[in-house]
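Student: structure for this input, please:
(one chain, ligands or ions: 1)
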Amino acid sequence: MSESTNQYLKPITTLVNDKGNIEIGGCDLVDLAEKFDTPLYVVDEKTLRSICKDYKKAFEKYPKIRMMYASKALCTSAISKILDSEGFGFDTVSSGEIYTVYKSGIDMSKVLFNGNNKSYDELELAVNLGVGRFSADNFFELALLNDIAKSKEKFVDILLRITPGIECHTHEYIQTGHLDSKFGFDLTQIDEAIELIQNEYTNLKLHGLHAHIGSQIFETSIYPDEIEIMAREISRINKTFGLNLNEINIGGGLGVKYTQKDAPPSTYEIGELIINKLNEVIEKYEIEPPTVFLEPGRSIISTAGVTLYTVGSSKQVPHGTKYVAVDGGMADNPRPSMYQAEYFAEIANKKEAEKNETVTIAGRFCESGDILIKNVELPELFEGDILCVYNTGAYNYSMASNYNRVTKPAMVLVNDSNSEIIVKRETLDDLIAHDIIPDRLKK
Ligand SMILES: Cc1ncc(COP(=O)(O)O)c(C=O)c1O
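Tutor: Okay, the predicted model is just below:
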């Protein structure tokens with residue numbers, strides 16, 4: 001079966017040029033670091049478009065598939081434009097993400113709004129902007145959303161987020177579909193929710209069910225398991241309540257290759273499994289072929305992104321670890337300190353040099369836990385070397401902070417030897433732009 005782009009460790013355009021430097025998207029990474037400064041997020045457009053094509057091809061035999069990009073993985077205006085041009089819709093989880101895609105000129109009927117505690121203001125904004133689907137997470141939200149829709153004399157289209165009770169073997173912080181999860185309705189609560197929608201919340205129009213099992217998933221069996229439960233429930237609900245639900249959203253979650261030892265499945269493998277299972281349950285439960293939403297985030301954007309850092313100080317602990325510090329860390333990539341995520345790195349300006357040292361890459365932030373990569377084999381590192389950390393496209397910029405009052409890095413899109421800024425580097429003035437000194441303290 002063909003490979004897909006999420007199975008690569010590095011962007012598909014990565015090569016070593018005749019200066020011995022790493023090049024991505026036809027751009028020498030050392031030149032990028034010099035031109036735009038570091039830390040620097042770099043996104044390779046070809047890799048991003050390549051995974052979009054992998055997904056579309058993998059599901060082409062099921063025309064009722066709707067590809068939605070989970071924008072929580074990386075949400076910027078330019079990235080939204082690229083995904084839109086590839087025919088993707090958007091799974092959003094906040095007014096910030098909704099506003100970003102709206103201002104990027106996206107058709108809002110292609111947007112879905114998820115989340116376990118959407119506020120009144122967020123729901124109102126989403127209703128006003130004509131967001132296409134709301135994934136209603138709980139009883140509180142059903143009431144709130146119905147009130148908002150009613151007050152505007154509108155009807156809103158919803159799915160019910162359910163917890164199908166499937167566990168996947170990923171980090172517990174990124175598991176979401178198990179029974180004791182904070183997300184969604186338990187299966188035993190579905191009927192009560194539907195009765196409320198039918199009898200009281202009449203400004204809500206229910207189309208189907210939604211679930212998301214977890215993230216960085218390597219087990220292919222969870223998707224058929226999930227489809228089995230959702231199809232069974234759809235069939236049962238339609239019979240019990242005389243409804244005609246015909247949409248299922250099976251979430252995202254496909255894994256990526258952060259290090260050599262990771263072996264995520266391909267989009268083609270999960271595509272075949274999902275389509276076979278859909279055909280099976282359509283027959284078994286005698287249901288109309290449902291419209292199926294898929295909302296991958298990490299597998300769409302992770303491989304396309306790398307982060308460049310400049311090496312600064314180093315410290316050899318006598319008889320212990322050699323630490324090499326770079327000019328970024330947990331504020332631009334919180335994943336290693338948050339859930340022990342592992343990464344792979346190379347030196348952009350010494351790609352071909354012999355790897356003769358095992359070092360630990362430390363961040364610059366004031367926490368002992370601010371370690372980007374433990375025990376990585378690299379050529380001897382010196383101040384000024386440019387470190388390239390791979391697979392940082394997802395959940396890096398979107399989880400970035402200003403910890404230690406450090407400015408957030410810029411982001412550059414590379415393609416065909418061009419490099420274009422798509423997120424400006426924050427300035428020191430940006431950092432204080434929202435600060436206010438009360439008059440009484442000004443004396
Ligand atoms: C509801 C929902 N859909 C989609 C995603 C995207 O998951 P991933 O980035 O693993 O594809 C998430 C991530 O947590 C999610 O919570």
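Student: and the closest residue to Asp225 other than its chain neighbours, how far is that from Thr5?
Tutor: Leaving aside its sequence neighbours, Asp225 sits nearest to Ile166 (Cβ to Cβ, 6 or more residues apart in numbering; 5.4 Å). C-beta coordinates here come from the backbone N, C-alpha and C atoms, glycine included. Distance, Ile166 to Thr5, by Cβ to Cβ, to the nearest Å: 26 Å.
Student: these two: which is more packed in?
Tutor: Per other Cβ atoms under 10 Å, whichever of Ile166 and Thr5 has more neighbours is Thr5, with 25 against 21.
Student: who are the neighbours in contact with the more buried one?
Tutor: 12, 47, 50-51, 54, 303 (Cβ atoms under 8 Å, 6 or more residues apart in numbering).
Student: again, 6 Å this time
Tutor: With contacts defined as Cβ atoms under 6 Å, 6 or more residues apart in numbering, Thr5 is in contact with 47, 50-51, 54, 303.
Student: got those residues as JSON lines, with neighbour count and distance to the ligand columns?
Tutor: Below are these laid out as JSON lines (neighbours: other Cβ atoms under 10 Å; distance: Cβ to the nearest ligand atom, whole Å):
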{"residue": "Thr47", "neighbour count": "28", "distance to the ligand": "16"}
{"residue": "Ser50", "neighbour count": "19", "distance to the ligand": "17"}
{"residue": "Ile51", "neighbour count": "27", "distance to the ligand": "11"}
{"residue": "Asp54", "neighbour count": "22", "distance to the ligand": "14"}
{"residue": "Thr303", "neighbour count": "31", "distance to the ligand": "12"}
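Student: show me those residues that map onto helices.
Tutor: In helices, judged by DSSP state H, the following of those are found: 47, 50-51, 54.
Student: tell me the two of those residues that are most distant?
Tutor: Put simply, by Cβ to Cβ the two of the ones in helices among the contacts of Thr5 set farthest apart are Thr47 and Asp54, 10.6 Å from each other.
Student: counting neighbours, what do you get for the closest residue to Phe218 other than its chain neighbours?
Tutor: Leaving aside its chain neighbours, Phe218 sits nearest to Gly255 (4.9 Å; criterion: Cβ to Cβ, 6+ apart). Gly255 sits with 22 neighbouring residues when counted by other Cβ under 10 Å.
Student: then Gly305?
Tutor: 26.
Student: the closest residue to Gly20 other than its chain neighbours and the ligand: what is the separation?
Tutor: Computed as Cβ to Cβ, 6+ apart, the closest residue to Gly20 that is not its neighbour in sequence is Glu352, at 5.2 Å. To the ligand, Glu352 is 34 Å away according to Cβ to the nearest ligand atom, to the nearest Å.
Student: near the ligand, which residues of the stretch 1-150 of the chain?
Tutor: Counting by Cβ under 6 Å from any ligand atom, the stretch 1-150 of the chain comes close to the ligand at 70, 72-73, 91, 114.
Student: residues in contact with the host helix or strand of Asp430?
Tutor: Element membership for Asp430, per DSSP states H and E: helix 428-432. With contacts defined as Cβ under 6 Å, 6+ apart, helix 428-432 is touched by Arg405.
Student: show me which positions of it end up buried.
Tutor: Within helix 428-432, no residue counts as buried by 16 or more other Cβ atoms under 10 Å.
Student: pLDDT on that helix, on average?
Tutor: Mean per-residue pLDDT for helix 428-432: 98.
Student: quick check: Asp332 touching Pro39?
Tutor: Yes - between Asp332 and Pro39 there is a contact at 5.2 Å, judged by Cβ atoms under 6 Å.
Student: what touches both of these two?
Tutor: Pro409.
Student: what residues does Pro409 make contact with?
Tutor: Contacts of Pro409 (Cβ under 6 Å, 6+ apart): 39-41, 332.
Student: contacts for stretch 283-290, please.
Tutor: Outside stretch 283-290, the residues touching it (Cβ under 6 Å, 6+ apart) are 64, 231, 234-235, 246-248, 282.
Student: ok, so of those, who is nearest the ligand?
Tutor: Checking these against the ligand with Cβ to the nearest ligand atom, the nearest one is Ile248 at 13.2 Å.
Student: so what strands line up beside the helix or strand hosting that closest one?
Tutor: Using DSSP H and E, Ile248 sits within strand 247-249. If you go by DSSP bridges, strand 247-249 pairs up with strand 204-210 (parallel), strand 291-294 (parallel).
Student: what about these, which gets the closest to the ligand?
Tutor: Across the strands paired with strand 247-249, closest to the ligand is strand 204-210 (Cβ to the nearest ligand atom), at 7.4 Å.
Student: that closest one and the ligand in contact?
Tutor: No - judged by Cβ under 6 Å from any ligand atom, strand 204-210 stays clear of the ligand, getting no closer than 7.4 Å.
Student: where's Leu144, which helix or strand?
Tutor: For Leu144, the element it lies in under DSSP H and E is helix 139-151.
Student: roughly how far does the closest residue to the ligand within the stretch 1-150 of the chain sit from Ser135?
Tutor: The ligand sits closest to Ala70 of the stretch 1-150 of the chain, with a gap of 3.5 Å, by Cβ to the nearest ligand atom. As judged by Cβ to Cβ, Ala70 and Ser135 stand 12 Å apart.
Student: next one: Phe344
Tutor: Phe344 is 34 Å from Ser135, by Cβ to Cβ.
Student: more neighbours, these two?
Tutor: For Phe344 versus Ser135, the count of surrounding residues by other Cβ under 10 Å is larger for Ser135: 29 against 18.
Student: neighbours of whichever residue of the stretch 101-250 of the chain sits closest to the ligand, just the number please.
Tutor: With Cβ to the nearest ligand atom as the measure, Ser215 is the residue of the stretch 101-250 of the chain nearest to the ligand, at 3.1 Å. Taking other Cβ under 10 Å as the criterion, the count of residues near Ser215 is 26.
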